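Novice: sequence first, predicted coordinates after that:
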Amino acid sequence: QVQLVESGGGLVQPGGSLRLSCVASGRFFSIARMGWYRQAPGKQRELVATISSGIINYANSAKGRFTISRDKDTVYLQMNSLKSEDTAVYYCKADGVHTPLTTGDYWGQGTQVTVSI
């Protein structure tokens with residue numbers, strides 16, 4: 001079983017910063033790609049950023065403000081200059097997780113980020 005646990009969410013004022021972390025644990029050999037997605041109330045889940053073997057992809061809304069990084073089985077999202085429209089539940093995702101039995105994708109439970117005065 002593979003688990004992803006996010007942390008670092010919270011309440012922050014507009015213009016502030018937060019750093020999200022996601023740690024993957026369990027029985028697996030490797031993870032091809034890790035990333036962050038978010039879902040605001042009443043909206044579909046959307047890509048924020050992904051990272052794999054040095055290839056980084058950002059949503060247009062994240063470019064210039066967010067930075068994704070990865071250290072082995074942990075992925076981070078540094079979010080600066082936060083705006084009210086960044087308010088959402090942020091989910092960690094691991095793609096291409098190679099376990100002894102199979103290869104698949106996994107989601108974390110999500111962490112709430114609220115940007116408000």
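Specialist: Now that the structure is in, tell me what you want to look at.

Novice: got any ranges where the protein has weak pLDDT?
Specialist: Under the criterion pLDDT under 70, no range of the chain is flagged.

Novice: in what helix or strand does the residue nearest the centre of it lie?
Specialist: Most central in the chain under C-alpha atoms, centre = their mean is W36, positioned 2.5 Å from the mean C-alpha point. Counting by DSSP states H and E, the element that carries W36 is strand 30-39.

Novice: by contact count, what packs against that strand?
Specialist: Strand 30-39 makes packing contacts with strand 18-26, strand 46-52, strand 66-71, strand 74-79, strand 88-98 when contacts are defined by 3 or more C-beta pairs under 8 Å, 6 or more residues apart in numbering; DSSP states H and E. Glycine gets a C-beta too; all of them are placed from N, C-alpha and C.

Novice: tell me what angle the last one forms with strand 30-39.
Specialist: Between the direction of strand 88-98 and that of strand 30-39, the angle (axes from the mean of the first three to the mean of the last three C-alpha atoms, to 10 degrees) works out to 160 degrees.
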